[in-house]
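Q: Coordinates only, no sequence provided:
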């Protein structure tokens, strides 16, 4: 387990909870139970303890689940009160309690430090806390170095082209560079969709981010594929 990974308590009898039993009954028992905990983990990983209802496609790709299955599961969980939807965010009462508990621990730790070292809190404790915070921010950036927008574009590419690539630093830089140039997510998704409809028989050998969003041999591939005319109109996720 990663050294900076947090945990949340898992009630030992949660499988027998009334709402969980409904989930297990409707979604093949253990499969439904597994989907539930994957979603809960995704909620716990976010800063506000929720997931974006507009990013279900990305989650289905991450979970290796059909989009229809995951969408149906989440809708049912909301209907029975297992999950809560507020605007575009989906969360659960259990995760919100967990987040509040972690905040309370953090606040209690700061108060305890001030009581142990009166008079030194400003001179010593504050710089120490600052360095710890800075270190954790750096660790978080090392683990999640790419913005949500970059991840969204990359996930759309993988889903559309049916590829299972990793978001390497090189691929991320190509996408980031387009954002720096002022290009939009919609433009990149349209280009990716057009690219995915290419009928060239050797396209399978040249199917990566650089060939659709990068620049090769002085050719701006983003503009090239953005101006292509596929036969079908895309559904931009």
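A: All right, it came through fine. Just so you know, these numbers come straight off a predicted model, no measurement behind them.
Q: Is the residue lying closest to residue 83 once chain neighbours are set aside part of a helix or strand, or is it coil?
A: Counting by CB to CB, 6 or more residues apart in numbering, residue 77 is the residue found nearest to residue 83 once chain neighbours are left out, at 4.2 Å. For the C-beta atoms, the positions are set from N, CA and C on the backbone; glycine is no exception. Per DSSP: H, G, I helix; E, B strand; the rest coil, the local secondary structure of residue 77 is helix.
Q: Next, the contact list for residue 77, please.
A: 19, 23, 36, 39, 83 (CB atoms under 8 Å, 6 or more residues apart in numbering).
Q: cool, and residue 66?
A: Residue 66 makes contacts with residue 60, as judged by CB under 8 Å, 6+ apart.
Q: From the contact counts, what lies against the strand or helix carrying residue 176?
A: Using DSSP states H and E, residue 176 sits in helix 169-180. Judged by 3 or more CB pairs under 8 Å, 6 or more residues apart in numbering; DSSP states H and E, helix 169-180 is in contact with helix 148-161, helix 209-213.
Q: which of the residues in the shortest one are buried?
A: Neighbour-count burial for helix 209-213, counted by 16 or more other CB atoms under 10 Å, picks out 209, 211-213.
Q: try stretch 193-209
A: Neighbour-count burial for stretch 193-209, counted by 16+ other CB under 10 Å, picks out 193-196, 198, 207-209.
Q: possible to save those as a markdown table with secondary structure?
A: Converted to a markdown table, the buried residues of stretch 193-209 look like this (three-state DSSP):
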| residue | secondary structure |
| --- | --- |
| 193 | helix |
| 194 | helix |
| 195 | helix |
| 196 | helix |
| 198 | coil |
| 207 | coil |
| 208 | coil |
| 209 | helix |
